[in-house]
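Asker: all I have is the shape, not the residue letters:
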């Protein structure tokens, strides 16, 4: 087995739904043409809830339409452009989707105010709204489609009539669970190398980070993870970056393989015979598979080759001979060595006739 990773967290709850508190709810007064929100305030519970509202008498349930909406998140009832026919008593009905239990709140009276009509103006941070914001001034309703982080901020409603002016202020906050921008990927490195991984997520509030190795915590509050010492075989494992805020947790997994092997020319030997014309350039590559990278040495016959004006020993083990002559022909051997062993490969270089020069 390679290692261990953690799954996302799971929570087990037992569903229940308590009764509403038996207390009288205060009347809600609203002017005709305005919008209003009736609060449900569901009792203590566990398990998903669904909400409906009763108008005056059970079971006269509110039918949602272009003016009336029941939030299945809060249970609140929203009524736009209140009409005289909306006056009455409203009762919130809460149903537990798991237990099927049902409870009813005390009724909330809705009454009309008769102290004059208002003119409403809505502002955000003292500046005009973006074009996407929809404002219904007659009912003081503000709608922001596709709410984004840049829409968060302070909002105010200015209400005035012949008797004076009043201002109500509110603050909208943008929140979001983490979403990955950058994650660690499966990596294979040679023993003795160094590792650097980085992960990054957006979210509101800003996510915190931690790193796990085979399910055990390695580091916290850092987006990047690096192995400060040189890698060894025991570092091979499954690693995870965890990004978390109060709205959610993300796990990103990556496997680290640590490679260790002696040089091997099985897949990349020198050609048994290489022909070249005199006066040309010859390139011989020494590319064994080795972890860590092998140190290379070139021989011609039994003599070790050294760098000259014509013989170049390039990085990576490549041998280049410029302006070859008959004397460069012969047997060439590349020898490779690392801490796990040695290997070699041999090929023969044959130089053909001298290059002819035209007068």
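Answerer: Cool, got the structure. Keep in mind that this is a model prediction, so the values were computed, not measured.

Asker: so what are the sheet partners of the helix or strand hosting residue 243 and their directions?
Answerer: Here residue 243, judged by DSSP states H and E, is contained in strand 237-245. Looking at strand 237-245 with DSSP bridges, its partner strands are strand 208-213 (antiparallel), strand 248-259 (antiparallel).

Asker: got the residue ranges for the strands in the stretch 1-150 of the chain?
Answerer: With DSSP state E, counting those that start in this stretch as the criterion, the stretch 1-150 of the chain has strands at 16-17, 28-31, 36-38, 45-46, 49-55, 68-70, 77-79, 88-96, 102-104, 108-113, 119-124, 134-136, 141-143.

Asker: now those strands in CSV, with distance to residue 339, mean neighbour count and mean pLDDT?
Answerer: (C-beta placed from N, C-alpha, C; glycine too.) Converted to CSV, the strands of the stretch 1-150 of the chain look like this (distance: least, Cβ to Cβ, whole Å; neighbours: other Cβ atoms under 10 Å; pLDDT from 0 to 100):
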stretch, distance to residue 339, mean neighbour count, mean pLDDT
strand 16-17, 65, 18, 94
strand 28-31, 81, 16, 90
strand 36-38, 73, 18, 92
strand 45-46, 60, 16, 92
strand 49-55, 65, 19, 96
strand 68-70, 72, 17, 92
strand 77-79, 73, 21, 93
strand 88-96, 66, 20, 96
strand 102-104, 74, 14, 94
strand 108-113, 80, 16, 92
strand 119-124, 67, 16, 46
strand 134-136, 71, 15, 61
strand 141-143, 69, 15, 69
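
Asker: out of the ones you listed, which comes closest to residue 205?
Answerer: Closest to residue 205 of these, according to Cβ to Cβ: strand 119-124, at 21.5 Å.

Asker: picking up where we left off before, closest to residue 290 out of the strands of the stretch 1-150 of the chain?
Answerer: Among these, the nearest to residue 290 by Cβ to Cβ is strand 45-46 (60.0 Å).

Asker: so, low pLDDT: which residues of this structure?
Answerer: Applying pLDDT under 70 to the chain flags residues 1-2, 115-142, 227-228, 354-359.

Asker: need the residue closest to the centroid of it.
Answerer: residue 180 (0.7 Å; Cα atoms, centre = their mean).

Asker: element containing it?
Answerer: strand 176-182.

Asker: which other helices and strands does that strand contact?
Answerer: With contacts defined as 3 or more Cβ pairs under 8 Å, 6 or more residues apart in numbering; DSSP states H and E, the packing partners of strand 176-182 are strand 200-204, strand 237-245, strand 248-259.

Asker: any idea how far the residue nearest to residue 261 when sequence neighbours are not counted is from residue 213?
Answerer: The spatial neighbour of residue 261 that comes closest, neighbours along the chain excluded (Cβ to Cβ, 6 or more residues apart in numbering), is residue 291 at 5.0 Å. For residue 291, the distance to residue 213 equals 21 Å [Cβ to Cβ, to the nearest Å].

Asker: next: residue 30.
Answerer: Distance from residue 30 to residue 213, by Cβ to Cβ: 60 Å.

Asker: and residue 322, by the same measure?
Answerer: Noted for residue 322: a distance of 51 Å to residue 213, by Cβ to Cβ.

Asker: and for residue 350?
Answerer: From residue 350 across to residue 213, the span is 55 Å (Cβ to Cβ).

Asker: who has more neighbours out of the two?
Answerer: The residue with more neighbours, out of residue 350 and residue 213, is residue 213; 18 against 11, by other Cβ atoms under 10 Å.

Asker: how about that one, what does it touch?
Answerer: Contact analysis of residue 213 by Cβ atoms under 8 Å, 6 or more residues apart in numbering lists 3, 237-239.

Asker: out of the helices and strands packed on strand 176-182, flag the one nearest residue 54.
Answerer: The closest of the helices and strands packed on strand 176-182 to residue 54 is strand 248-259. By Cβ to Cβ, the value is 35.5 Å.

Asker: much appreciated, bye for now.
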